[in-house]
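Chemist: Sequence and computational prediction follow.
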Amino acid sequence: MFDIQTETIEWAGRTLTLETGRMARQADGAVLATYGETTVLATAVAQKEVKPGMDFFPLTVNYQEKYFAAGKIPGGYFKREGRPTDKETLTSRLIDRPIRPLFPKGFKNDTQIMLTVLSHDLENDPDIVGMVGASAALCLSGLPFLGPIGAARVGYKDGEYVINPAVDQMDELDLDLVVAGTADAVMMVESEAKELSEEVMLGAVMAGHEAFQPVIDMIIRLAEKAAKDPWDFTPEDNSAIEAAVTKLVGDDIAKAYTITNKTERQAAVAEAKAKAVEAMAATEENPDGVEPSVLKDVLKGVEASVVRGGIIKTGKRIDGRKLDEVRDIVSEATVLPRTHGSALFTRGETQALAVVTLGTGEDEQFIDALTGTYKERFLLHYNFPPYSVGETSFRLAPGRREIGHGKLAWRALNAVMPNAEEFPYTVRLVSEITESNGSSSMATVCGGALALMDAGVPIKRPVSGIAMGLIKDPEGVAVLSDILGDEDHLGDMDFKVAGTEEGITSLQMDIKIAGITKDIMQTALDQAKGGRMHILGEMNKALDSSRTGLAEHAPKIETMQIPTDKIRDVIGSGGKVIRQIVEETGAKLDVNDDGLIKFSAVDAGAIKAAMDWVHSLTAEPEVGVIYKGKVVKVVDFGAFVNFFGPKDGLVHVSQMKNERVNHPSDVVSEGQEVWVKLLGFDDRGKVKLAMKMVDQETGEEITGDAED
């Protein structure tokens with residue numbers, strides 16, 4: 001019944017198997033990819049007909065994790081998988097990026113790739129398995145995919161690269177880098193690093209590229225056995241139309257791209273395109289004209305050709321800058337009056353407003369993942385409102401782009417964040433992009449670092465980021481620093497690098513052509529380093545290190561470690577004691593199972609009162625120490641004083657004053673506050689206190705007194 005074909009290799013110490021013919025047989029291509037005991041079903045399906053008027057390639061990649069894969073039931077009320085998690089969204093983007101450029105220009109059939117995690121061994125991350133499976137499914141489908149691609153994860157520690165490290169190894173490594181590409185070139189890089197050098201990062205990319213070559217070979221072997229017949233697809237030859245459009249409006253477009261202002265430039269380009277549409281588009285009056293969707297595609301190509309050719313020939317950019325020149329930068333800190341930390345970072349026509357809010361342990365985010373539930377104490381949210389590019393749109397939940405850009409900035413800054421012992425706060429950083437013309441994610445990194453320092457978060461060092469571009473034509477190659485939006489749109493590469501003066505913390509690369517070489521990557525990294533250092537210098541003009549104190553309205557947090565057997569005393573029956581502490585002091589308490597207590601409040605006095613209260617509940621009184629107490633009972637032979645939390649002690653009548661006392665009531669009364677010194681304990685463990693050794697006005701010890 002089943003015509004099952006498989007290929008198996010040993011890869012980085014584990015078995016990788018690709019199987020087809022048993023599941024999802026009605027898909028154009030379907031592969032069951034298994035690495036260790038992590039299994040992902042990859043399917044590829046494309047519509048046979050192109051939708052009328054389609055002027056772009058409608059590719060969708062959906063990666064989804066099934067909780068049953070790890071033997072779990074989803075959390076929450078609904079108990080089924082719902083909207084994509086951030087991990088699923090980010091992995092979908094990760095797989096999309098190296099695949100999309102390998103479809104031929106002009107292919108516009110609606111195409112969907114679905115990756116479903118069916119089994120997870122909690123050792124091998126399904127993202128690499130899914131990427132390999134997607135590549136194999138496309139190669140079997142018959143679609144015009146110019147693959148295959150391979151992918152690998154690369155770690156780094158003590159001078160050694162680790163290929164496909166296990167999930168539980170990642171915290172010990174200085175690098176988490178995912179690289180994908182063809183047999184000849186790198187297509188995509190995504191990474192988080194702990195301030196590593198350009199040489200180490202480039203070495204990791206090359207190590208990953210070499211490591212996945214056996215995977216490409218096995219996909220080819222599987223395709224030779226099981227691939228479907230290739231689709232009959234021939235791209236339309238629009239060279240004659242392109243020549244006519246270039247003759248008609250090529251000079252107009254070239255002139256428009258000499259305008260440095262984005263809005264004015266876009267208006268001039270739109271005017272040139274409108275001229276071409278009016279003259280050449282098919283209408284009722286001009287039935288022999290060019291179809292609007294075809295003309296739109298041709299105009300895009302002409303625009304790209306004019307701009308790219310100008311950069312290669314002249315070495316000058318759209319806005320007149322040199323290839324390695326960074327736009328003017330303005331850095332400002334403390335731009336908002338009531339927030340805990342804020343900064344406004346402006347680079348040319350790109351601007352990010354970054355705002356930091358400090359919270360307590362109650363504000364940590366619970367993440368329900370296949371590997372288990374964990375808490376995240378550093379949150380970064382990136383928002384891209386339509387007004388930032390002068391447009392309108394219907395606003396819904398954050399899209400894939402916003403989640404992806406936010407995660408990139410998070411990776412760049414996470415490497416310099418303090419641990420919980422150094423800074424016991426939950427930190428939320430929000431980046432509002434108020435203007436955009438290229439690299440708003442890197443503006444988020446720069447503005448975010450300034451806002452963190454403004455909030456008093458003790459980050460190791462400031463972090464800056466820069467986006468690099470590439471123009472690669474037969475006439476030459478140009479690497480561009482700090483690219484504009486148009487240069488990103490019309491160029492061949494988006495290469496983002498973030499880091500400190502000590503090294504790189506994040507590297508992301510997307511390629512729109514069939515890959516780039518090691519030499520081009522080296523040039524881009526070296527040029528990016530110079531740009532990053534320049535940007536750091538501009539940022540330092542506003543703030544070069546973290547402020548020493550927190551903002552007036554930020555919560556203050558102190559910690560106290562108590563013995564675990566005292567936790568019950570602090571919480572009390574049904575939480576009675578801890579509720580009383582919170583209500584009476586105004587401070588919040590967060591008690592961990594290991595006995596660590598976090599006290600938080602805007603008022604430092606409230607924290608002190610709560611800490612003193614907890615100290616009285618958990619600590620033991622010390623002999624010879626002076627305490628302030630309250631008389632709770634007066635008897636014939638003395639007075640009982642509550643002096644240390646719930647602890648009472650006896651002040652014998654002989655210890656009340658340095659003179660004879662006829663009756664204790666002559667000296668004290670119930671409810672009176674007194675200063676006492678702990679003398680010790682009697683044979684039965686009862687507490688002995690003295691008043692006469694302490695000045696009752698100041699609470700200071702009176703020297704010269706002797707114990708009776």
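Modeler: Here it is on my side, so go on.

Chemist: elements contacting the helix or strand hosting residue 277?
Modeler: Here residue 277, judged by DSSP states H and E, is contained in helix 262-280. In this structure, helix 262-280 makes packing contacts with helix 239-256, helix 292-314, judged by 3 or more CB pairs under 8 Å, 6 or more residues apart in numbering; DSSP states H and E. To be clear about C-beta, it is placed using only N, CA and C from the backbone, and glycine gets the same treatment.

Chemist: just checking, next helix/strand downstream of the longest one?
Modeler: Using DSSP H and E, the helix or strand that follows helix 292-314 towards the C-terminus is strand 329-333.

Chemist: I'd like the average pLDDT over the helix or strand that that next one is followed by.
Modeler: With elements assigned by DSSP H and E, the helix or strand that comes after strand 329-333 is strand 341-347. Strand 341-347 shows a mean pLDDT of 97.

Chemist: Downstream of strand 341-347, the next helix or strand is which one?
Modeler: Downstream of strand 341-347, the first helix or strand assigned by DSSP H and E is strand 350-359.

Chemist: what is the mean pLDDT for the helix holding residue 277?
Modeler: Helix 262-280 shows an average pLDDT of 86 in the prediction.

Chemist: Run through who's touching it.
Modeler: 241, 244-245, 248-249, 252-253, 255-257, 259, 289-290, 292, 295, 299, 303, 318, 349, 390, 437, 484-486 (CB atoms under 8 Å, 6 or more residues apart in numbering).

Chemist: just how off-centre is that helix within its chain?
Modeler: Here helix 262-280 is found 38 Å from its chain centre; the criterion is CA atoms, centre = their mean, to the nearest Å.

Chemist: now that helix against helix 292-314, angle please.
Modeler: Computed by axes from the mean of the first three to the mean of the last three CA atoms, to 10 degrees, the angle separating helix 262-280 from helix 292-314 equals 130 degrees.

Chemist: can you pull the buried residues of helix 262-280?
Modeler: 262, 265-266, 268-269, 272-273, 276-277, 280 (16 or more other CB atoms under 10 Å).

Chemist: and what of stretch 150-163?
Modeler: Neighbour-count burial for stretch 150-163 flags 150-156, 161-163 (criterion: 16+ other CB under 10 Å).

Chemist: again, but for stretch 363-381
Modeler: Those would be 363-364, 370, 377-381, for stretch 363-381 by 16+ other CB under 10 Å.

Chemist: tell me which element residue 3 is part of?
Modeler: Judged by DSSP H and E, residue 3 forms part of no helix or strand.

Chemist: for it, what are its contacts?
Modeler: Residues in contact with residue 3, defined by CB under 8 Å, 6+ apart, are residue 21.

Chemist: residues touching the spatially closest residue to residue 508 that is not a sequence neighbour, list them.
Modeler: Nearest non-adjacent residue to residue 508, counting by CB to CB, 6 or more residues apart in numbering: residue 496, 4.5 Å away. Contacts for residue 496 (CB under 8 Å, 6+ apart) come out as 408, 439, 441-442, 465-468, 506-509.

Chemist: which of the residues you listed has the most neighbours?
Modeler: residue 442 (32 neighbours; other CB atoms under 10 Å).

Chemist: where does that residue fall, helix, sheet strand or coil?
Modeler: With DSSP: H, G, I helix; E, B strand; the rest coil as the basis, residue 442 sits in helix.

Chemist: Name the nearest residue to it, ignoring sequence neighbours.
Modeler: residue 465 (3.5 Å).

Chemist: Quick check: beta-bridge partners of the closest residue to residue 539 other than its chain neighbours?
Modeler: With sequence-adjacent residues excluded and distances taken as CB to CB, 6+ apart, residue 539 is closest to residue 331, at 4.9 Å. Beta-bridge pairing of residue 331 under DSSP bridges involves residue 345.

Chemist: so residue 331 sits right up against residue 443, yeah?
Modeler: No. Counting by CB atoms under 8 Å, residue 443 is not a contact partner of residue 331; they are 10.6 Å apart.

Chemist: of the contacts of helix 262-280, buried ones?
Modeler: For the contacts of helix 262-280, a neighbour count by 16+ other CB under 10 Å gives the buried set as 241, 244-245, 249, 252-253, 256-257, 259, 290, 295, 299, 303, 318, 349, 437, 484-486.

Chemist: before we move on, back to that, adding distance to residue 202, write the buried residues of helix 262-280 out as a markdown table.
Modeler: Below are these laid out as a markdown table (distance: CB to CB, whole Å):
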| residue | distance to residue 202 |
| --- | --- |
| 262 | 33 |
| 265 | 35 |
| 266 | 36 |
| 268 | 40 |
| 269 | 36 |
| 272 | 41 |
| 273 | 40 |
| 276 | 43 |
| 277 | 45 |
| 280 | 46 |
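
Chemist: What is the nearest of these to residue 668?
Modeler: Nearest to residue 668 among the buried residues of helix 262-280: residue 262, at 80.6 Å, using CB to CB.
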